[in-house]
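Engineer: predicted model and sequence below, questions to follow.
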Amino acid sequence: MNAKVTGMDPITTLRSEVLFERAEQVIPGGVNSPVRAFRAVGGTPRFIARAGGSRLWDVDGNELLDYVGSWGPMILGHNHPHVQEAIGVALEEGLSYGAPTEREIVLAEKVLQAYPGCDQVRFVSSGTEATMSALRLARGFTGRDLIVKFRGNYHGHADSLLVQAGSGLLTSGGGTAQSAPSSAGVPQTFAALTLVADYNDPEGLEALFATRGYEIAAVIFEPVVGNAGVLIPTAEFLAALHNLTKQYGALLIADEVMTGFRLAPGGAVELLGLQPGLVCWGKIIGGGLPVGAYGGRAGIMQQVAPLGPVYQAGTLSGNPVAMAAGIATLELLAQDPPYERLERYGRALQEGLENTFHRSGIPISINRVGSMITVFFHAGPVSTYADAVQSNTGVFKQFFHGLLLHGVYWPPSQFEAAFFSAAHGGEELEYTLEAVEKVLQNSMHEKTG
Ligand SMILES: *Cc1c(COP(=O)(O)O)cnc(C)c1O
């Protein structure tokens, strides 16, 4: 990649356009996960041909500096040779047996070593399965039915988690929360078992527990939110989560599917000193292949089948090829921890973006923890979901498409975290900031001309 951004080189996206039309014939919306369809920003999604390090190449041969990182897993950059090699070895030995293997133990040991508060872990095949299974376990363990989630937190697409706050919550301050499905196909009676509270609102959570606390099996939360854009928890909010769940005998579930092994070796649990009853993982622990997991103290985990009455299973759970990718990834993260480097890159990126936007006069507010960053097009601080949704998504669209034309692949939604990897260095930083500068100059030019 040329480190100098010289302007909008004419690019073609013809092959992506042709493939998208074909895809739309046979796959709903042309994609297998909605955000990939660019609906929030318009335009045609780029079809990717290959990836390496910090870069993607689309089917028209355009090189893209990647800030999506497959939505979280690629903390080492794409196609790291050690991960490739480990997968190659596993491939030679067979793809799946439906019987236990040593690799499952090795990956379990690595996960538990990073999370000393957990004794046991069960592998599944996605983050969705991890949170869904953790909630079932929490209900089985406590004998209670209700769960609490927070507005703007995403935990995968299990029925009980596709729930939003109804009007009752907004008018009653949480006292008599009415929840509503946020997806068609989720029965109202399921949604009613999920109470929705506001992130970073300890008083609201307290009010909720005061009315229904002894019916609540678990509170599930993103310890640093990525799925509303980055939101950072306040100390008061974290204290309320711990105190209320403890006081009322509910389990606190840290959904570390995005943050686990990204913010620190022990994820947000280590970074923020959390003491959750259960932890969910995904993304990085599969190194780019489909792996999820949930874990906790032995006394809770031993409620899971075959030891206990909480059923959970999976044909491809603990798949040997996926385990090999996860083991190799966690090995590399332990041998050569990238976290300080990621923090330095993040700080320089944030400062560079803040300076560039400041000069342009376009108001933004940046939230960042380590290698997760969101540029909100919002003038004030963004600490709640309500703040985040005030962002100017029209300006975000221009920013996104401007960057894409300059070869920078930013997440195609205002309400997502951008990720960078150990493969992002000085050249990438310089390229990104120059691209942003160009985009802002061009849009300023359009405004005045
Ligand atoms: C991605 C994500 C999930 C869902 O994981 P999938 O593998 O997409 O099912 C759950 N929770 C959080 C916090 C996530 O970021």
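Structural biologist: That came in fine, so what should we check first?
Engineer: assign the residue most central in space within the chain to helix, strand or coil.
Structural biologist: The geometric centre of the chain, computed from its C-alpha atoms, lies nearest to Met258 (C-alpha atoms, centre = their mean), at 3.7 Å. Three-state call for Met258 (DSSP: H, G, I helix; E, B strand; the rest coil): coil.
Engineer: could you do Thr432 as well?
Structural biologist: helix.
Engineer: and the residue in the chain that the ligand sits nearest to, what's its pLDDT?
Structural biologist: Nearest to the ligand, among the residues of the chain, is Gly127, at 2.1 Å (C-beta to the nearest ligand atom). All C-beta spots, glycine's among them, are computed from the backbone N, C-alpha and C. Model confidence at Gly127, given as pLDDT, is 98.
Engineer: picking that back up, quick check: phi and psi on the residue nearest to the centre of the chain?
Structural biologist: phi -90, psi -40 (degrees, to the nearest 10).
Engineer: coming back round to it: tell me who's in contact with the residue of the chain closest to the ligand.
Structural biologist: 155-156, 255, 257, 280-283, 292 (C-beta atoms under 8 Å, 6 or more residues apart in numbering).
Engineer: try 10 Å this time
Structural biologist: Counting by C-beta atoms under 10 Å, 6 or more residues apart in numbering, Gly127 touches 71-72, 154-157, 255-258, 260, 280-283, 285-286, 290-294.
Engineer: same check on Trp410?
Structural biologist: Applying C-beta under 10 Å, 6+ apart, the residues near Trp410 are 41, 64-68, 375, 396, 399-404, 416, 418, 432, 435-436.
Engineer: what do you get for Glu93?
Structural biologist: Residues in contact with Glu93 (C-beta under 10 Å, 6+ apart) are 101, 103, 320-321, 324.
Engineer: which of those has the most neighbours?
Structural biologist: Ala324 (25 neighbours; other C-beta atoms under 10 Å).
Engineer: can you classify that residue by secondary structure?
Structural biologist: helix.
Engineer: which one is it nearest to, not counting chain neighbours?
Structural biologist: Ala90 (3.7 Å; C-beta to C-beta, 6 or more residues apart in numbering).
Engineer: picking up where we left off before, next step: the contacts of Glu93 restricted to helices.
Structural biologist: 103, 320-321, 324 (DSSP state H).
Engineer: and of the contacts of Glu93, the nearest to Ile366?
Structural biologist: Taking C-beta to C-beta as the measure, Ala324 is the one of the contacts of Glu93 closest to Ile366, at 36.9 Å.
Engineer: just checking, the closest one touches Val106?
Structural biologist: Yes: when contacts are counted by C-beta atoms under 10 Å, Ala324 is listed as touching Val106 (9.3 Å).
Engineer: picking that back up, can you tell me which of the contacts of Trp410 are in helices?
Structural biologist: Reading helices off the contacts of Trp410 with DSSP H, I get 396, 399-404, 432, 435-436.
Engineer: how about the contacts made by Gly380?
Structural biologist: Counting by C-beta under 10 Å, 6+ apart, Gly380 has contacts 363, 365, 387, 390.
Engineer: that older thread, just put the contacts of Glu93 in a markdown table and tack on pLDDT and distance to Ser182.
Structural biologist: Shown next, in a markdown table, are the contacts of Glu93 (pLDDT from 0 to 100; distance: C-beta to C-beta, whole Å):
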| residue | pLDDT | distance to Ser182 |
| --- | --- | --- |
| Thr101 | 98 | 38 |
| Arg103 | 98 | 37 |
| Pro320 | 98 | 36 |
| Val321 | 98 | 34 |
| Ala324 | 98 | 36 |
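Engineer: which single one of those is nearest to Leu14?
Structural biologist: Looking across the contacts of Glu93 and measuring by C-beta to C-beta, the closest to Leu14 is Val321, at 34.6 Å.
Engineer: the closest one: what's it in contact with?
Structural biologist: 86-91, 93-96, 103, 289-290.
Engineer: returning to that earlier point: quick check on the contacts of Gly127: which are buried?
Structural biologist: 71-72, 154-157, 255-258, 260, 280-283, 285-286, 290-294 (16 or more other C-beta atoms under 10 Å).
Engineer: quick check: next helix or strand after the lowest-mean-pLDDT helix or strand in the chain?
Structural biologist: Using mean pLDDT, DSSP states H and E, the weakest-scoring helix or strand in the chain turns out to be helix 167-172, at a mean of 47. Sequence order places strand 179-181 as the next helix or strand after helix 167-172, per DSSP states H and E.
Engineer: now what about that following strand, what contacts it?
Structural biologist: Contacts for strand 179-181 (C-beta under 10 Å, 6+ apart): 146, 148-149, 159-160, 162-169, 186-196.
Engineer: near the ligand too, which of those?
Structural biologist: Residues of the contacts of strand 179-181 in contact with the ligand (C-beta under 6 Å from any ligand atom): none.
Engineer: now, the residues you listed that are in strands?
Structural biologist: In this view, the contacts of strand 179-181 that belong to strands under DSSP state E are 146, 148-149, 163-165, 194-196.
Engineer: grab the two from those residues that are most spread out in space.
Structural biologist: Spatially, the most separated pair among those is Leu146 and Gln164, at 16.0 Å (C-beta to C-beta).
Engineer: what about those two, which has more around it?
Structural biologist: Neighbours were counted for Leu146 and for Gln164 using other C-beta under 10 Å; Leu146 has more, 23 against 16.
Engineer: is that one in contact with Gly213, as I believe?
Structural biologist: Yes: with contact defined as C-beta under 10 Å, Leu146 reaches Gly213; the gap is 9.3 Å.
Engineer: who wins for neighbours among the ones in helices among the contacts of Trp410?
Structural biologist: Neighbour-wise, the ones in helices among the contacts of Trp410 (other C-beta under 10 Å) top out at Thr432, 26 neighbours.
Engineer: that residue contacts Gln350, correct?
Structural biologist: No: contact status for Thr432 versus Gln350: not in contact, 11.4 Å apart, counting by C-beta under 10 Å.
Engineer: separation between the residue nearest to the centre of the chain and Tyr154?
Structural biologist: Met258 is 9 Å from Tyr154, where distance means C-beta to C-beta, to the nearest Å.
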